[in-house]
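S.K.: Fold the stuff below for me.
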Amino acid sequence: MENASKALLMAAGVLMGILIISLAVFLFVTFGATSAESHKQIEQSRIDEFNSQFLKYQGKDDLTIYNVITVANSATSNNEYYELPKVTSIINNDNYPDYYIQVILKNDNYNNIRIEGAYGSSPSVSYEELIDKDVQKINNTQNYLQTYTCKVSVSNTTKRVYKVIFIQK
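M.R.: Down below sits the predicted model:
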């Protein structure tokens, strides 16, 4: 009888140990999933905040060359921050490199020109030249700055802006 009661106590101890270990594993998995979800939300909010500095121009019809230069400076800062190599041509897909942002201008003076600077290089055309050409139009043909519309492309892979195109109206 004594052996049977000792066996029952041992079995109860083993079951309690298994319950405690199971509870610990359950809590570890639950807290790990919560932590991963929080990390995803923080990362998504960072991407949204980053994209907002470019997306706020999309769809507006009253953008001027000064807005174009502001966006080009933001793109240049991004490219320098990530120390990205100079891209020599316009990127038509969202594969190279993941964080590179290019700003393209299409107007009477330039058909399809990249105007952002890249790490270790200067912009394809100087900002002063862009402003001068727009100001010359005021003096020659019209009484207002040329306006632009903006189209922003977001990468399917990184969910970040990779191309901003300004088109003359």
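
S.K.: For the rest of this, base every contact and every neighbour count on C-alpha atoms.
M.R.: Fine.

S.K.: quick check: longest helix of this protein.
M.R.: Scanning the chain for the helix with the most residues, using DSSP state H, yields helix 2-55.

S.K.: Sketch out the low-pLDDT regions of this structure for me.
M.R.: By pLDDT under 70, the low-scoring segments of the chain are 1, 85-97, 117-124, 139-143.

S.K.: and with 80 instead?
M.R.: Applying pLDDT under 80 to the chain flags residues 1-2, 82-98, 109-112, 114, 116-127, 134-144.

S.K.: Domain ranges for the protein, per the record?
M.R.: Domain assignment for the chain by automatic domain parsing gives 1-55, 58-168.

S.K.: just these: most buried one?
M.R.: domain 58-168 (a mean of 17; mean count of other Cα atoms under 10 Å).

S.K.: How about the contacts made by N111?
M.R.: L105 (Cα atoms under 8 Å, 6 or more residues apart in numbering).

S.K.: Relative to Y127, how far out is it?
M.R.: Separation of N111 from Y127 (Cα to Cα, to the nearest Å): 16 Å.

S.K.: just to revisit the earlier point, so which residues make contact with the helix or strand following the longest helix of the chain?
M.R.: Using DSSP states H and E, the helix or strand that follows helix 2-55 in sequence is helix 65-81. For helix 65-81, contacts defined as Cα under 8 Å, 6+ apart pick out 54, 99-103, 115-120, 127, 130-131, 134, 145-148, 166.

S.K.: quick one, helix 65-81 and helix 2-55 angle?
M.R.: 140 degrees (axes from the mean of the first three to the mean of the last three Cα atoms, to 10 degrees).

S.K.: after helix 65-81 comes which helix or strand?
M.R.: strand 102-106.

S.K.: how big is the angle separating that following strand from helix 65-81?
M.R.: Using the same axes, to 10 degrees: strand 102-106 against helix 65-81 is 150 degrees.

S.K.: next one: strand 102-106 to chain centre, how far?
M.R.: 17 Å (Cα atoms, centre = their mean, to the nearest Å).
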